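Enquirer: what follows is a predicted structure for the sequence shown.
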Amino acid sequence: MPKPTPQVDGALVARFSEWKERGPLYAYRQQSKLTMGGVASTLGVSIGTVQNLEDGNRDPRNKPYWPNVCRLLRAGRHRLHDAGLAREWGQWLESKPQA
């Protein structure tokens, strides 16, 4: 007997898409017209890591590549300090839509 196909909550998908677009790294990458591969190379991580960061599945603030994330986003958004970026990233993660 085939497994039932899970139902997709269209409203949740829409909320997640809107939330993801507000993410610091995704917004920067889209604005700068960079590929995931380009960002991955700049940060010294894999494309999968970039995807996990953009999807909110990985928090970079305690990772060795956090300084690279800060440099990248500071250059694009004229950040004054890394603490502000860390706070913004944390607030964004806390607002992730839940099923």
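Expert: Received the coordinates, thanks. Residues are numbered from 1 along each chain as shown.
Enquirer: and the helix or strand hosting residue 69, average pLDDT?
Expert: Per DSSP states H and E, residue 69 falls inside helix 66-77. The pLDDT scores in helix 66-77 average 82.
Enquirer: okay, buried residues for whichever helix or strand comes after that helix please.
Expert: Once the chain leaves helix 66-77, the next helix or strand it forms, by DSSP H and E, is helix 82-94. Using 16 or more other C-beta atoms under 10 Å as the test for burial, helix 82-94 gives 82, 85-86, 88-89, 92. In this view, the C-beta of every residue, glycine as well, is placed from N, C-alpha and C.
Enquirer: average model confidence for helix 82-94?
Expert: On average, helix 82-94 scores 90.
Enquirer: please begin residue numbering at 58 from this point
Expert: With 58 as the first residue, the last one maps to helix 139-151.
Enquirer: end to end, how far does stretch 76-91 reach?
Expert: End-to-end distance for stretch 76-91, by C-alpha to C-alpha, to the nearest Å: 19 Å.
Enquirer: I meant stretch 96-105, not that one.
Expert: 11 Å.
Enquirer: what's in contact with it?
Expert: Contacts to stretch 96-105, defined as C-beta atoms under 8 Å, 6 or more residues apart in numbering, come from residues 82, 86, 93-94, 106-107, 122, 125-126, 129.
Enquirer: how far does that stretch sit from the chain's center?
Expert: On the basis of C-alpha atoms, centre = their mean, to the nearest Å, stretch 96-105 sits 12 Å off its chain's mean C-alpha point.
Enquirer: cool, and stretch 123-134?
Expert: The answer for stretch 123-134 is 13 Å, by C-alpha atoms, centre = their mean.
Enquirer: please apply the same query to stretch 92-109.
Expert: Worked out by C-alpha atoms, centre = their mean, stretch 92-109 lies 11 Å from the chain centre.
Enquirer: show the pLDDT at the residue positioned nearest the centre of the chain.
Expert: The residue lying closest to the centre of the chain (C-alpha atoms, centre = their mean) is residue 111, at 2.3 Å. Looking at residue 111, its pLDDT stands at 97.
Enquirer: check the one 5 residues further on too.
Expert: According to the per-residue confidence, residue 116 scores 95 in pLDDT.
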